[in-house]
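*Asks:* curious how this folds, go ahead:
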Amino acid sequence: MNRPRIALGIRAQLLLVLTVFLAIPWLGYEYVRELERFLRDAQERTLAGTAQAVATALHDRPRLFETRAAQLESLRSGRAGDESPTSPGAPAPASPEIEQIIHGLSRTTARIWVVDREQNVLARAGSLRRADASLADTSAAQGSPLARGGQWVEREILQPIYARVLQQPTEDFSDERSGRTIAAGKDVEGALAGILTVERRPTADGKAVIVSAAHPIWVGDQVKGAVIVEETTNAVLAERNRAFARLFNIVLAALLIGSVALTLYASWLSTRIRRLRDEAEAAIDAQGRVRGMVAGSNAGDEIGDLSRSFGSVLARLAQYASYQEAMASRLSHELRTPIAVVRSSLDALRMQPLPDDARVYMERAQQGLNRLAHILTRMTEATRLEQSLADAERERFDLTRVVAGCVDGYRAAYPQRAIELSLPAGEVPYDGAPELIAQMLDKLVANAVEFASPGTPIGVALERDVASVRLTVGNQGPPLPAAMHGRLFDSMVSLRTEKSGGEPHLGLGLYIVRLIAEFHGGHASAKNHADGRGVIVSVVLPLVRALR
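*Replies:* Prediction:
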């Protein structure tokens, strides 16, 4: 079984190669993920460093915790405010001195807690939410029209796509530690156990992730409290999204520009190749004859080399074809002189008294000489016809009259054959060369008579339709071999064998029929009868010239 062949043009192949660059977005996404991991690690280290710095400022200062303990004791004894301090959830006031210390060390995007061993909040500073959550680019309305157009595409088309792919940071999240109390967690428990602990936890509603670092506060050899520094990952997500958007904008722009450039380049190459193909096809006709040349390109690339090679090959082919076409005329011219000498010598000998056995050899020599002269005539007939077609004059004539007159002559030339004629009613005006039409019909009838079975008629018919006329000549005899259907009208092709006898044949009769048909813009074909007994040769001639 033959596998189906997939044909791809140069443009399609180059665009297929361009799909390799689709790996760039994947590499970019992996790069952005690696950048996000790096930023997260850097955030954790920064929070841990901040917690350590605040804890270091509070190390070995027992007075702060003793004062705070006294305040808590007084609150428990009921000396502060109207609200019962021992009621569940009652917030304890912060330590002013500790708050002053952590305010000086706090970060704008982080929140710092200081708790004692009982996890009572001693001080708090900062907030997890940004003061200005707007991330809009205020320069969107600035710049050139091209820049504004690119910003519009990014804002209206690309950003919604990125928003579906990437998690977007939001400041609208729930914060369970937003009050004056702090909930127990692994970070607090680890710090009160004397270990620097970094924890990452989602908020209660899952809209954000909080990173916290807790560092113990040492007073001597005892842990008196802990410093907890918290921050959301919104800044990391925003930076990751910006990096992703910038990278993919560059990748998309590069892919778009590369696709357009490759498409234009492939179109340019395809145009040059198609032009070269058209020139090569126009230089040689359907019969393999050179009718023109390929103008070699001055380009220095491979296509230019190919066009120059085609031009050189066609030039050499044209020279060889011209040599072959002139060969028949040269041979005919060169051989006619010795043939005339031999003929004159035989005529002179015929006038001399010769023995009877010698006259037999003279007759054989005369027959051979006649056959040789006939061969030379047939050799030059097609060449002369090709040369005369270019100078043939067209005229308007009645095609039925020409065909009828030729058939009358054939009936006189072939009295042993019945020739049946079928013509349309009325005249068939045609614009062409009547002598060439008659010559074409001569070849068709002679061919049909030679291959017809004894006693069978020859049928000649002329049919007319709207756009063309069809001239057919048929006989009853041996069918046309299947292998000859596409070669019957080629030069030097004949179905005759040596046993046929009679005049020699070079296979030029139907070749001449094809030349005359093509001169009139038509074509010739041959097929067997439906019952397989005989052949019908048809010539279709267009009526375009006759009707204009």
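*Asks:* mind listing the strands in the stretch 51-200 of the chain by residue range?
*Replies:* 111-116, 121-126, 197-202 (DSSP state E, counting those that start in this stretch).
*Asks:* ok, now the stretch 351-500 of the chain?
*Replies:* For the stretch 351-500 of the chain, the strands defined by DSSP E, counting those that start in this stretch cover 395-398, 419-422, 429-432, 458-464, 468-475.
*Asks:* partner strands of the longest one and their direction?
*Replies:* Its sheet considered, strand 468-475 pairs with strand 458-464 (antiparallel), strand 535-542 (antiparallel) by DSSP bridges.
*Asks:* for residue 294, find the nearest of these.
*Replies:* strand 535-542 (30.0 Å; C-beta to C-beta). In this view, the C-beta of every residue, glycine as well, is placed from N, C-alpha and C.
*Asks:* and the helices in the protein?
*Replies:* Listed in chain order, the helices of the chain (DSSP state H) span residues 10-18, 23-58, 62-76, 96-105, 145-153, 159-165, 186-192, 234-283, 302-350, 356-389, 399-413, 434-451, 509-519, 544-547.
*Asks:* export the ones you listed as TSV, with columns for distance to residue 174.
*Replies:* What follows is the helices of the chain, written out as TSV (distance: least, C-beta to C-beta, whole Å):
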stretch	distance to residue 174
helix 10-18	48
helix 23-58	21
helix 62-76	29
helix 96-105	24
helix 145-153	34
helix 159-165	22
helix 186-192	18
helix 234-283	14
helix 302-350	68
helix 356-389	97
helix 399-413	100
helix 434-451	100
helix 509-519	90
helix 544-547	87
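*Asks:* with residue 130 as the reference, name the closest of the ones you listed.
*Replies:* The nearest among the helices of the chain, by C-beta to C-beta, is helix 234-283 at 7.3 Å.
*Asks:* average pLDDT across that closest one?
*Replies:* For helix 234-283, the per-residue pLDDT values average out at 84.
*Asks:* cool, and stretch 338-347?
*Replies:* Stretch 338-347 comes out at a mean pLDDT of 83.
*Asks:* repeat that for stretch 124-142.
*Replies:* Per-region confidence: stretch 124-142 scores 60 on mean pLDDT.
*Asks:* before we move on, what about stretch 318-334?
*Replies:* Throughout stretch 318-334, pLDDT has a mean value of 73.
*Asks:* what do you get for stretch 214-221?
*Replies:* Stretch 214-221 carries an average pLDDT of 91.
*Asks:* for it, buried residues please.
*Replies:* Judged by neighbour count using 16 or more other C-beta atoms under 10 Å, the buried positions of stretch 214-221 are 214-219.
*Asks:* and what of stretch 339-347?
*Replies:* Buried-residue list, stretch 339-347, by 16+ other C-beta under 10 Å: 342-343.
*Asks:* gap between that stretch and the chain center?
*Replies:* On the basis of C-alpha atoms, centre = their mean, to the nearest Å, stretch 339-347 sits 71 Å off its chain's mean C-alpha point.
*Asks:* try stretch 345-361
*Replies:* Distance of stretch 345-361 from its chain centroid, counting by C-alpha atoms, centre = their mean, is 80 Å.
*Asks:* for stretch 303-321, same thing?
*Replies:* Mean-position distance between stretch 303-321 and its chain equals 29 Å (C-alpha atoms, centre = their mean).
*Asks:* before we move on, the earlier item: and the buried residues of stretch 214-221, which two are furthest apart?
*Replies:* Largest separation among these by C-beta to C-beta: 214 and 219, giving 16.8 Å.
*Asks:* residue 489 - how many residues pack around it?
*Replies:* Residue 489: 23 surrounding residues under other C-beta atoms under 10 Å.
*Asks:* start at 163 instead
*Replies:* Understood, numbering begins at 163; the last thing we discussed is residue 651.
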